[in-house]
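Trainee: Sequence isn't available, so here's the structure alone:
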């Protein structure tokens, strides 16, 4: 699905006060302007930075060009360059909000808490979402934990910001060594349950270790990696489990780190709710600009860029996470995905193959390698990778159903139906009502003309679990067709086409069902539709034969009723 461009000038105007470049051609800068505008529309900040600066060199002092050059450099995380350009803007010109942000990031990166507080109090901060939290952390940095606590509590009175403010209060307590106070918030004992994310779980696990509650920390990490085996949390668990002595608390220990965390937290929150990725990207870049060790901010920037289809820039952001960093594995997984989505599939595979060689004991990496090999249609390689992943995990845990499921798909593609069925059935042992598994195993049995009653039961359960899945509803219609229950097959097959109207196979299936109930004109219409959606060549040849001689003769030539493509 195409997504909105990352950098849209109207959004910059609304959020940051940067004037759109509407007069560039009148100033004789048509070439640079048009190139910059094209880069903006494409969301390519790197090209936009170059072209706006080229235009600025030809027209120094142009506030529109200055503002957009600042923005492009900030979106790339080039805050030093952004500050240099920001100094060119006259204080009376539009775009001061963006200039204030740049100067705040640069000041905080240099530890200037006093200057940042003065700027915020003068109305020259980063805006209403950032400034109150920033003032609270600055109070802590100035040695006034009481004032910081009051500030966080005041922000928490706003229901929309309550969880964020209280989480930051917990982080502030931990930063000054009040681990019991921090855990009272994290646990929900003091203010009630809080929403959590990967970073707050990491922080709380480290807090529990400081309280000599190592078992509780391990249980917390086990719980949150049971569903999603996050590489960072798994790495933290291993470090905690193998430590002979209590390691120091390192998650966040300074006010400057807390201020970077403010930008990261707000970027994450905006990323879920905002209609644009403009501010989330700037704030993620700001977090890393303030604290270069905040590699989660780089990962977030990469994710935002990937969501905006800026895959090359996303890959570059992931590449900035250094090897040895706790988030390195996650960054490399993101980089591989970005390469794949950018049609650089060989590079994507190369990244994961190298990662698997360097970290052979990580099931997450082996599984990711299996996924990308499956997506590149190297099913033999995918089977080997999935097998390696399964060899590394406790295969009795329900979360590993997906590895059996995906390996089963690959076995099916390789025509190893016994192995495929075994994997699907093991996936169902671990997750008995999983619609995807029920559908794939049921459909496979249908295609093999085996155990059709069992297949029907499985697919009916799959439809109950995913009634809006066109593929699963199609399977129900198709198994009824295979059973010769043609009249019953009409309704689910029509529903499948309504859910996925452009799928060639589903339209073809509906045509076959119509033919069998005597609706031959409608059958031919559906086969024509199926051809219009560019099916695989073998499928297209068979559909054309049905249009020429009818389904009955095609089936007779193939030797049986209901034979599929």
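Mentor: Everything's here; your move. Worth saying up front: this structure is predicted, and the values here are computed from it rather than measured. Numbering: from 1, shown residues only.
Trainee: Neighbours of residue 326, how many?
Mentor: Using other CB atoms under 10 Å, residue 326 is surrounded by 17 other residues. Any C-beta I mention is one placed from the backbone N, CA and C, and that applies to glycine too.
Trainee: which SS class is it?
Mentor: Assigned with DSSP: H, G, I helix; E, B strand; the rest coil, residue 326 falls in the coil class.
Trainee: Tell me how far it lies from residue 333.
Mentor: 14 Å (CB to CB, to the nearest Å).
Trainee: low-scoring stretches of the protein, by residue?
Mentor: Filtered on pLDDT under 70, the chain yields the residue ranges 1-31, 33, 36, 272-276, 560-565.
Trainee: biggest helix in it by residues?
Mentor: helix 255-273 (DSSP state H).
Trainee: name the helices or strands packed onto the helix or strand just after it?
Mentor: Counting by DSSP states H and E, the next helix or strand C-terminal to helix 255-273 is helix 278-290. Counting by 3 or more CB pairs under 8 Å, 6 or more residues apart in numbering; DSSP states H and E, the packing neighbours recorded for helix 278-290 are helix 9-16, helix 63-75, helix 79-86, helix 96-109, helix 255-273, helix 295-307.
Trainee: let's see 6 Å
Mentor: helix 9-16, helix 96-109, helix 255-273, helix 295-307 (3 or more CB pairs under 6 Å, 6 or more residues apart in numbering; DSSP states H and E).
Trainee: Can you list the buried residues in the longest one?
Mentor: In this case it means helix 255-273. If you call a residue buried by 16 or more other CB atoms under 10 Å, then helix 255-273 has these buried ones: 255-271.
Trainee: From the opening residue of stretch 153-160 to its closing one, how far?
Mentor: Its first and final residues considered, stretch 153-160 spans 13 Å by CA to CA, to the nearest Å.
Trainee: mind giving me the domain split of this structure?
Mentor: As given by automatic domain parsing, the domain ranges for the chain are 9-95, 131-253, 344-416.
Trainee: Take the ones you listed and write them to TSV, including mean neighbour count and distance to residue 111.
Mentor: Compiled in TSV, the domains of the chain are given as follows (neighbours: other CB atoms under 10 Å; distance: least, CB to CB, whole Å):
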stretch	mean neighbour count	distance to residue 111
domain 9-95	19	15
domain 131-253	18	9
domain 344-416	19	36
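Trainee: coming back round to it: save the helices and strands packed on helix 278-290 as TSV, and put in distance to residue 483 too.
Mentor: Putting the helices and strands packed on helix 278-290 into TSV (distance: least, CB to CB, whole Å) gives the following:
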stretch	distance to residue 483
helix 9-16	55
helix 96-109	65
helix 255-273	46
helix 295-307	44
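Trainee: what's the closest of these to residue 182?
Mentor: Of all the helices and strands packed on helix 278-290, it is helix 255-273 that lies closest to residue 182, at 12.7 Å by CB to CB.
Trainee: And for the closest one, what's in contact with it?
Mentor: For helix 255-273, the external contacting residues (CB atoms under 6 Å, 6 or more residues apart in numbering) are 108, 111, 129, 133-134, 137, 140-141, 164, 279-280, 283-284, 286-287, 290-291, 294, 297, 300.
Trainee: tell me the angle the longest helix of the chain makes with helix 96-109.
Mentor: Orientation check (axes from the mean of the first three to the mean of the last three CA atoms, to 10 degrees): helix 255-273 against helix 96-109 gives 140 degrees.
Trainee: all helices for the stretch 101-250 of the chain, in order.
Mentor: 113-121, 131-141, 145-155, 162-175, 179-186, 198-210, 214-227, 231-242 (DSSP state H, counting those that start in this stretch).
Trainee: Adding distance to residue 393, write those helices out as CSV.
Mentor: Shown next, in CSV, are those (distance: least, CB to CB, whole Å):
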stretch, distance to residue 393
helix 113-121, 46
helix 131-141, 40
helix 145-155, 40
helix 162-175, 31
helix 179-186, 28
helix 198-210, 20
helix 214-227, 11
helix 231-242, 11
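Trainee: Could you point out which of the ones you listed sits nearest residue 512?
Mentor: Nearest to residue 512, of all the helices of the stretch 101-250 of the chain, is helix 214-227, at 40.1 Å by CB to CB.
Trainee: can you pull the contacts of the nearest residue to residue 220 once chain neighbours are set aside?
Mentor: In space, and not counting its chain neighbours, residue 220 is closest to residue 205: 5.5 Å by CB to CB, 6 or more residues apart in numbering. Contacts here follow CB under 6 Å, 6+ apart; on that basis residue 205 touches 217, 220-221.
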